[in-house]
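**Q** Predicted model and sequence follow; I will ask about them next.
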Amino acid sequence: MQLPFTKMHGAGNDFVVLDATTTPFDLSPEQLRRLGDRRFGVGCDQILVVERPAPGDDVDFRYRIFNNDGDEVEHCGNGARCFLRYVTSRGLTAQSVVRVRTVNAVLELALMPDGRVRVDMGPPRLVPESLPFEAGSLRPDPRGLWPLQLVDGVHVDAALISMGNPHAVLFVDDVDSAPVTLLGPQVQADPRFPQGVNVGFLQIQTRARARIRVYERGAGETLACGTGTCAAVVAGIRAGLLDPAVEVQARGGDLRIEWSGQATDSVFLIGPATLVFEGTISL
Ligand SMILES: N[C@@H](CCC[C@H](N)C(=O)O)C(=O)O
């Protein structure tokens, strides 16, 4: 089959976007893996699918996300910004604010006057069951960090936060020297995360500036992770280390996160969304 696609990125987190508003989406996990493969396919961190909403659903679009390992996941923040850029630039909507349904939430996406996109990610979920994380008798310390005992006697303290998808956040002194590709898979291998986990490494520079790297579930280290950056800033604010608006430098670009600190308030993710090229692949 011949499949038209659009390549996009948000702060270097890259996507293959598929328009399923006219033709129903019907790719197997194997075809998705091929599409995501950087040598045998187009190559991307995630595949995003644009669909019309179900009849009677009070949203503008349905937004589906697949990691490049072929698994469907709940959320992708950088992808959400690209989703809005895609539907507006392709003329699928004339609105500058759209509401989209993911598998477990509704997100509001808004074009900003400076060209960036602002995503209302909804409130963070702060209880371990929301990831899920099987806490057993484990308890967090006063900063909200959970003591995790990993393989080979390695111990880390991590904030556990769901942004609709699961995140473990580690505070580090320097992201450049942090053992991201070693510790990321070790935290992910902890069986207390039955649905896996994204692992973020946050370096706090001032109360309003931070740097981040994220080892993503189903994709490995990416150049930026929107939900991971939201979770990390939520962790920093809860630990009393960050103010409610934070500029975060990821390896692929800058993101801004805003959160009041109130558990029921939404987290806002602001950043770029870029069209790179379009093409057709035979699958
Ligand atoms: N890159 C994303 C998150 C994509 C999904 C994640 N890997 C997961 O498995 O939950 C973002 O920008 O949020």
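**A** That came in fine, so what should we check first? Numbering: from 1, shown residues only.
**Q** list the contacts for the nearest residue to Val180 once chain neighbours are set aside?
**A** Excluding its sequence neighbours, the residue lying closest to Val180 (Cβ to Cβ, 6 or more residues apart in numbering) is Arg213, at 4.9 Å. C-beta here means a position set from N, CA and C on the backbone, and glycine is covered the same way. Residues near Arg213 by Cβ atoms under 8 Å, 6 or more residues apart in numbering: 175, 178, 180, 200-201, 221, 250-251.
**Q** Could you list the residues of the stretch 101-250 of the chain in contact with the ligand?
**A** With Cβ under 6 Å from any ligand atom as the criterion, the stretch 101-250 of the chain comes near the ligand at residues 165, 198, 216-219, 222, 225-227.
**Q** so of the residues you listed, which ones are in strands?
**A** Within these, residues falling in strands by DSSP state E are 198, 216, 222.
**Q** Does the first one touch Gly228 like I think?
**A** Right, Asn198. Yes. Applying Cβ atoms under 8 Å, one finds Asn198 in contact with Gly228, separated by 5.2 Å.
**Q** before we move on, back to that, and the residue nearest to Val180, which of the three is it?
**A** strand (DSSP: H, G, I helix; E, B strand; the rest coil).
**Q** quick one: Gly184 is in a strand?
**A** No. Using three-state DSSP, the assignment for Gly184 is helix, not a strand.
**Q** Can you report how many residues neighbour the nearest residue to it once chain neighbours are set aside?
**A** Excluding its sequence neighbours, the residue lying closest to Gly184 (Cβ to Cβ, 6+ apart) is Tyr215, at 2.6 Å. By other Cβ atoms under 10 Å, 26 other residues sit near Tyr215.
**Q** let's have the chain start at 20 instead
**A** That works, and once the first residue is 20, the last one we named lands at Tyr234.
**Q** check contacts around Tyr234.
**A** Counting by Cβ under 8 Å, 6+ apart, Tyr234 has contacts 199-200, 202-204, 206-207, 217-220, 240.
**Q** likewise Pro291?
**A** 29-30, 100, 134-136, 272.
**Q** Among these, which lie within strands?
**A** 29, 136, 272.
**Q** Looking at those residues, which is nearest the ligand?
**A** Ranked by distance to the ligand (Cβ to the nearest ligand atom), those are led by Gly29 at 6.8 Å.
**Q** which stretches of the protein form helices?
**A** All helices of the chain, identified by DSSP state H, fall at 48-55, 96-108, 199-207, 245-257.
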